[in-house]
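# Could you work out the structure for the sequence below:
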Amino acid sequence: MKKNTKNIFALIGVIGTVLGIVSAIPFFLNKIYNLAIISVILIIIGLVLLAFAFGD
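Alright, predicted model coming up:
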């Protein structure tokens, strides 16, 4: 994979993971579970993109 593509995956992965964590915590505390589940899915997608970026 090209280095440029890896950098894009890493950037999107970090942004997705951070946004997911920042939004999931208040949604769980306010018992808005539908949006909290979407936030957790965003965290998982961000972590998968980070794995693609740092993998061989």
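
# quick one: buried residues of the helix or strand where residue 26 lies?
Residue 26 belongs to helix 3-29 when assigned by DSSP states H and E. By neighbour count with 16 or more other CB atoms under 10 Å, helix 3-29 contains the buried residues 9, 12, 13, 16, 17, 20, 23, 24, 27. C-betas here are computed from N, CA, C, even on glycine.

# could you dump the residues you listed to JSON lines with distance to residue 52 and pLDDT?
Shown next, in JSON lines, are the buried residues of helix 3-29 (distance: CB to CB, whole Å; pLDDT from 0 to 100):
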{"residue": "9", "distance to residue 52": "5", "pLDDT": "92"}
{"residue": "12", "distance to residue 52": "10", "pLDDT": "95"}
{"residue": "13", "distance to residue 52": "8", "pLDDT": "95"}
{"residue": "16", "distance to residue 52": "12", "pLDDT": "96"}
{"residue": "17", "distance to residue 52": "13", "pLDDT": "97"}
{"residue": "20", "distance to residue 52": "17", "pLDDT": "96"}
{"residue": "23", "distance to residue 52": "23", "pLDDT": "96"}
{"residue": "24", "distance to residue 52": "22", "pLDDT": "96"}
{"residue": "27", "distance to residue 52": "27", "pLDDT": "96"}
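
# possible to save the residues you listed as a markdown table with distance to residue 44?
Listed next are those as a markdown table, based on distance: CB to CB, whole Å:
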| residue | distance to residue 44 |
| --- | --- |
| 9 | 15 |
| 12 | 13 |
| 13 | 11 |
| 16 | 9 |
| 17 | 9 |
| 20 | 8 |
| 23 | 14 |
| 24 | 11 |
| 27 | 15 |
